[in-house]
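Peer 1: No letters, just coordinates:
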């Protein structure tokens, strides 16, 4: 009777200890900011090198396929990518097929535009140095339409300016004129962009995804359907390191290290306890 | 019955075959057809969003009307919705009030940045606690398969954080041993499994599409008179 | 048995006391939150941006309210949750109007600049708009069948377009990629075998061996999911191998899932400490 009553209490207690430990493991590293020395992965390096190889005036399409629930991982990626574009003079074309992603896409553009001024001394103008097209419905149908007629899919940008005759879209009639397609995704749009967008228009594609989706990208990376990818907050941190502009990605790495080690210790501790209990029971059974 | 079932099935078949064929026909008519159909499907698909909005509103209105348990909280749904719609109308630079300029943070953006983003992001960040608790309670290497899962999880979890390079340097005099091991797991066995799963799903998509075109699969038609 | 009513009274009293303590603690926390917020983000301070300051206070408050679910489901959390649903609903309505209905339907049909433009819009948009309106018929139980015409177009087009694209991108290209490394290793362009060394192992033999492992694993996993044939003897061994590959893959996915979830938490905590409390960690 007392064992049955103590089990729920044991679970409650361990649950609260774990919650507090995780919270402390995230909070305490915030107050220490040692210089983190880590090597960016080859997958991120390839994306960085591709953007670096673009010439001023080249176009890069960024599809914002994440909403605020994945903001922590993907917003630093979108910022880093936009900053890189503005630094190089590459023209980013930003759009989204999801209504709830419009706000976060606009926020990223506005912050990167402000950073271009403060970091690189460049005055970046909408319609000339970048274009934010906003949202259109259709998802895969939108991708197909953009592959044929991008200005037909978006006849106006988010701010109501006509795309026909827009300086930022000079020479871009469809996806085929884009030098790189980057999908920043928390929803399952990467595979759709590969099939309906990049493969159909025969353009290189990269992606930045949440860590949860990253293992699914390896078949596409190995087949060169993706030239590279940014996986989770570590991917954002790697890109920031290559860009030499620290951001939220790098800042989160210490907390990431501490929490991962904590969870590994919890799992190992629980398994060691299980094996030890099994050994003890076997000993008792034998004796 | 002919209008309720037969004609829609014929439309599915006809449009589906044309959609399949147009991908292999480089003629300008084929491109024009695709351009037209993508416009049609974008417009029709856009109207589908209203169904979702209606469904959500209807659920909360019913809850308030019938005074079901917790109906008071549903009022906040409409407070939030009406608030955002009002600020959207107020902030619309082409709307009836034409307030604000395009580059200033307006009330509509304020609502998105300070209500939607924190709520959405926090709800999902709570999962970190539950995941840690669940991992401690249930993640046990009871057999070989579970042991493989556990080993792969630990190596990948550790290999993806910067501290693994430090530990690797201490243990092996080479900072990249553990990260490379983690990468090898992702590049080979993980790749194999994901590719196998993807091939299976792709074959399933093709067979399901064929079933839809041939009228065998009709669940999209919904209920009501068949 | 005669003690039972007293035990119930004692339990009810304890529950009431606990509720009172929790309400008191909640009120205290709210007061502390407001005091800390106005100290760190005073909207009335000189040079402060009131909109931004109030926004940060509201955002932090909602964040903490959502985190309160970790302790227990509570009325504040329910209010926050429903407010979030409502704001999301309202936001979607506005964006649907601004970025879909107005540019794609209303402006071409009702604000066409020229007669020719209006004619073109009527030609291209009449049918899809009509079908879109028919789509809304799904709401009605009696007349819902009218939406089948719109769904027929959507589903027929989607299914037809998917077949060639999925075949190319997810099957043909993937099969090619599975075989290509081995083909390159044994083909005429293959590098000549050199003496056994770490460079040869990592540069040539390693990737080829890895590609072989990957191909065997892919076949094993596909075989595991093939349930039309009973997995006996050799089939059972191949199926078991497939399970092992799947377990390694799921373990890797779990590792990345841990990373993803913790990243979201790190993001929120960094917001609370860095933006709300304005603690700089330089």
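Peer 2: Great, that's in hand. Quick caveat, the model's predicted, so the values are computed rather than measured.
Peer 1: where along chain B do the helices fall?
Peer 2: Along chain B, the segments classed as helices by DSSP state H run B:7-22, B:28-65, B:71-91, B:107-111, B:117-125, B:127-138, B:144-159, B:163-172, B:177-185, B:191-213.
Peer 1: in the second one, what's buried?
Peer 2: Okay, so that is helix B:28-65. Of all the residues in helix B:28-65, those buried under the rule 16 or more other CB atoms under 10 Å in any protein chain shown are B:33-35, B:37-50, B:56-57, B:60, B:63. All C-beta spots, glycine's among them, are computed from the backbone N, C-alpha and C.
Peer 1: That one packs against which elements?
Peer 2: Applying 3 or more CB pairs under 8 Å, 6 or more residues apart in numbering or on different chains; DSSP states H and E, we find helix B:28-65 packed against helix A:140-148, helix A:150-153, helix B:7-22, helix B:71-91, helix C:75-96, helix C:115-135, helix C:148-166.
Peer 1: re earlier: figure out which of the helices of chain B is closest to residue A:8.
Peer 2: Set against residue A:8 and scored by CB to CB, the helices of chain B come closest in helix B:127-138, at 12.8 Å.
Peer 1: what about that closest one, average pLDDT?
Peer 2: The average pLDDT for helix B:127-138 rounds to 92.
Peer 1: Over to stretch B:16-31?
Peer 2: Here the average pLDDT along stretch B:16-31 is 92.
Peer 1: what does stretch C:26-34 give?
Peer 2: Taken as a whole, stretch C:26-34 has a mean pLDDT of 91.
Peer 1: So which residues make contact with it?
Peer 2: With contacts defined as CB atoms under 8 Å, 6 or more residues apart in numbering or on different chains, stretch C:26-34 is touched by C:60, C:61, C:64, C:74, C:76.
Peer 1: Let's have the residues you listed in a markdown table, adding neighbour count, distance to chain B and pLDDT.
Peer 2: Converted to a markdown table, the contacts of stretch C:26-34 look like this (neighbours: other CB atoms under 10 Å in any protein chain shown; distance: CB to the nearest CB, whole Å; pLDDT from 0 to 100):
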| residue | neighbour count | distance to chain B | pLDDT |
| --- | --- | --- | --- |
| C:60 | 22 | 8 | 96 |
| C:61 | 19 | 9 | 96 |
| C:64 | 19 | 8 | 95 |
| C:74 | 14 | 12 | 87 |
| C:76 | 17 | 11 | 90 |
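Peer 1: just for the stretch 1-150 of chain C, where's the confidence low?
Peer 2: C:1-3 (pLDDT under 70).
Peer 1: Get me the contact residues on the stretch 51-200 of chain C for chain A.
Peer 2: For the stretch 51-200 of chain C, the residues found near chain A under the criterion CB under 8 Å from any CB of the partner chain are C:70, C:88, C:91-92, C:95-96, C:98-100, C:103-104, C:157-158, C:161, C:165-166, C:168-170, C:173-174, C:176-177.
Peer 1: how far does stretch C:11-24 sit from the chain's center?
Peer 2: Relative to the mean C-alpha coordinate of its chain, stretch C:11-24 is positioned 39 Å out (CA atoms, centre = their mean, to the nearest Å).
Peer 1: Centre of the chain to stretch C:256-267, how far?
Peer 2: Remark: stretch C:256-267 is offset 13 Å from the chain centroid, using CA atoms, centre = their mean.
Peer 1: Just give the closest residue to the closest residue to chain A within chain C, not the sequence neighbours.
Peer 2: Proximity of chain C to chain A (CB to the nearest CB) peaks at residue C:267, 2.4 Å away. Nearest residue to residue C:267, sequence neighbours excluded (CB to CB, 6 or more residues apart in numbering or on different chains): residue A:72, at 2.4 Å.
Peer 1: Spit out the contact partners of the one you found.
Peer 2: Neighbouring residues of residue A:72 by CB under 8 Å, 6+ apart: A:233, A:248, A:252, B:121, B:125, C:263, C:264, C:265, C:266, C:267, C:268.
Peer 1: for the third one, what are its contacts?
Peer 2: It stands for residue A:252. A:72, A:233, A:237, C:263, C:266, C:267, C:270.
Peer 1: unless I'm mixing things up, residue A:100 is touching residue A:67, no?
Peer 2: Yes: contact criterion CB atoms under 8 Å: residue A:100 and residue A:67 qualify, at 4.5 Å.
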